[in-house]
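Enquirer: Provided below for reference: sequence and predicted model.
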Amino acid sequence: MNVLLVGGAGYIGSHVTRELLDRGYRCTVYDNLSSGLRENLFSDAEFIHGDIHDYTGLIRAMKGGFDALVHLAASKAAGESMLKPEKYSRNNINGTINILNAACETGIKNIVFSSSAAVYGEPEYLPIDEKHPVKPENYYGFTKLEIERFLGWYEKLRGMRCACLRYFNAAGYDVKGRLRGLEQNPANLLPVIMETACGMRKELQIFGGDYDTPDGTCIRDYIHTNDLAEAHAAALDYIGKNGKSLVVNLGSETGSSVREVLETARRITGKAIPAKMAGRRPGDSAKLTASASLALELLGWKARYSDMDTLIKTSWEAYSHQTTE
């Protein structure tokens, strides 16, 4: 299978690219390197330096005879999206419309979309399954849900087959140590903890200590990038073989609080990792965990690397390697 990975030089995209290459796929990465890194590119994959806002460039790239497309190009910080909705409208909404229209024009029918469990908003029950109401509470989640709706219409009107993969907090680095390019300006908890452990930040801010959770801090479902990569590959196989679209959650089905992640990181790194309490951020829910039973049923997928020790160990290996060179 010949696959175009839009955003394939990014943190998640590079792991997906590596997984597909390992499975024998032909891969081409299309990325503007605004957050992706050249060191995340592989010699056995083609690379096109391009932007999703360059429609002519997208058309030119997509004429490469691709069987499928993986859409990983988006701004992804929930907190930032509440402060900069214009950025998220342009990158996530306008950029996706360009991608879909270019795919239609060049005959690409199979799309895997890296979505988010942020589409659900405040949980009405836990763990969240795919039947849960979708009521995003931050603008990032809203843009992801709108993209899913666009995909649904393009399926009806243009015969596309789409796999929407909803997950919460991606974390960790390749378990074989083949990817070490660090996220640029991360906003998620685990890379911020790693930056603090390395001395790149003075301290960690914990946003809210008075939530209705056992230790007062938010609980999230963390998923390892290798697990995400395997799920993207399984979704490509599914829509290719079955000719059906799907929407599935991906998750470890367990939750860890901010304090639990911090204490595990202190134990594994041996670093003090200074932290201080700060106020709550708008749009943050107290607890979010996902049910991944449908992914197991349809894709045969289950998280294998998403225990907190593996998440932090592989992250620390990447960060300590880069900061000691």
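Expert: Looks like it came in fine.

Enquirer: Show me which positions of stretch 106-113 end up buried.
Expert: Judged by neighbour count using 16 or more other Cβ atoms under 10 Å, the buried positions of stretch 106-113 are T106, I108, K109, N110, I111, V112, F113. Backbone N, C-alpha and C define where each C-beta goes, glycine included.

Enquirer: got TSV for those residues, with distance to M277 too?
Expert: As requested, the buried residues of stretch 106-113 are exported to TSV (distance: Cβ to Cβ, whole Å):
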residue	distance to M277
T106	51
I108	48
K109	50
N110	46
I111	42
V112	39
F113	36
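
Enquirer: Among the residues you listed, which are located in helices?
Expert: Mapping the buried residues of stretch 106-113 onto helices (DSSP state H) picks out T106.

Enquirer: So which residues of the stretch 1-150 of the chain form strands?
Expert: Counting by DSSP state E, counting those that start in this stretch, the stretch 1-150 of the chain has strands at residues 2-6, 26-31, 46-49, 68-71, 110-114.

Enquirer: and for the first one, what are the contacting residues?
Expert: Looking back up the chat, that one is strand 2-6. Contact with strand 2-6 is made by 13, 16-17, 20, 25-31, 52, 61-62, 64-73, 99, 108, 236, as judged by Cβ atoms under 8 Å, 6 or more residues apart in numbering.

Enquirer: So what angle separates the directions of that strand and strand 110-114?
Expert: Computed by axes from the mean of the first three to the mean of the last three Cα atoms, to 10 degrees, the angle separating strand 2-6 from strand 110-114 equals 30 degrees.

Enquirer: Could you list the paired strands of strand 2-6 along with their orientation?
Expert: Its sheet considered, strand 2-6 pairs with strand 26-31 (parallel), strand 68-71 (parallel) by DSSP bridges.

Enquirer: Need the residues that contact the first one.
Expert: Taking contacts as Cβ under 8 Å, 6+ apart, the residues outside strand 26-31 that touch it are 1-10, 13, 17, 20-21, 41-42, 44-50, 58, 61, 64, 66, 73.

Enquirer: rewinding a little: filter the contacts of strand 2-6 to the buried ones?
Expert: Judged by 16+ other Cβ under 10 Å, buried ones among the contacts of strand 2-6: 13, 16-17, 20, 25-31, 52, 61-62, 66, 68-73, 99, 108, 236.

Enquirer: Pull up the gap between T213 and I108, please.
Expert: 43 Å (Cβ to Cβ, to the nearest Å).

Enquirer: ignore the last one, A197
Expert: 42 Å.

Enquirer: mind listing what the nearest residue to G57 once chain neighbours are set aside touches?
Expert: Leaving aside its chain neighbours, G57 sits nearest to G50 (4.3 Å; criterion: Cβ to Cβ, 6 or more residues apart in numbering). G50 sits next to Y30, D31, N32, G57, L58, A61 when contact means Cβ under 8 Å, 6+ apart.

Enquirer: want to try CSV for these, with distance to G240 and pLDDT as columns?
Expert: Formatted as CSV, the contacts of G50 follow (distance: Cβ to Cβ, whole Å; pLDDT from 0 to 100):
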residue, distance to G240, pLDDT
Y30, 20, 98
D31, 23, 98
N32, 27, 97
G57, 26, 98
L58, 22, 98
A61, 20, 98
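
Enquirer: Quick check: V16 touching H232?
Expert: Yes: counting by Cβ atoms under 8 Å, H232 is a contact partner of V16 at 4.6 Å.

Enquirer: Overlap in contacts, these two.
Expert: By Cβ under 8 Å, 6+ apart, the residues touching both V16 and H232 are V70, S114.

Enquirer: What's the mean pLDDT across stretch 269-289?
Expert: Average pLDDT, stretch 269-289: 90.

Enquirer: Restricting to C-alpha, output it in PDB.
Expert: Provided in PDB are the C-alpha atoms of stretch 269-289 (Å, rounded to 0.1, in the frame of the first residue of the first chain):
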ATOM      1  CA  THR A 269      14.300   9.900  36.500                       C
ATOM      2  CA  GLY A 270      15.800  10.400  40.000                       C
ATOM      3  CA  LYS A 271      15.100  14.100  39.600                       C
ATOM      4  CA  ALA A 272      13.400  16.400  42.100                       C
ATOM      5  CA  ILE A 273      11.100  18.000  39.400                       C
ATOM      6  CA  PRO A 274       9.900  21.100  41.200                       C
ATOM      7  CA  ALA A 275       6.200  21.800  40.900                       C
ATOM      8  CA  LYS A 276       3.700  24.400  42.100                       C
ATOM      9  CA  MET A 277       0.000  24.700  42.100                       C
ATOM     10  CA  ALA A 278      -1.800  27.100  39.800                       C
ATOM     11  CA  GLY A 279      -5.400  27.800  39.000                       C
ATOM     12  CA  ARG A 280      -7.700  25.700  36.900                       C
ATOM     13  CA  ARG A 281      -7.600  26.100  33.100                       C
ATOM     14  CA  PRO A 282     -10.800  26.700  31.200                       C
ATOM     15  CA  GLY A 283     -12.200  23.600  29.500                       C
ATOM     16  CA  ASP A 284     -10.400  21.000  31.700                       C
ATOM     17  CA  SER A 285     -12.500  18.100  33.000                       C
ATOM     18  CA  ALA A 286     -11.800  16.400  36.300                       C
ATOM     19  CA  LYS A 287     -11.500  12.900  34.900                       C
ATOM     20  CA  LEU A 288     -11.300  11.400  31.400                       C
ATOM     21  CA  THR A 289     -10.800   7.800  30.600                       C
END
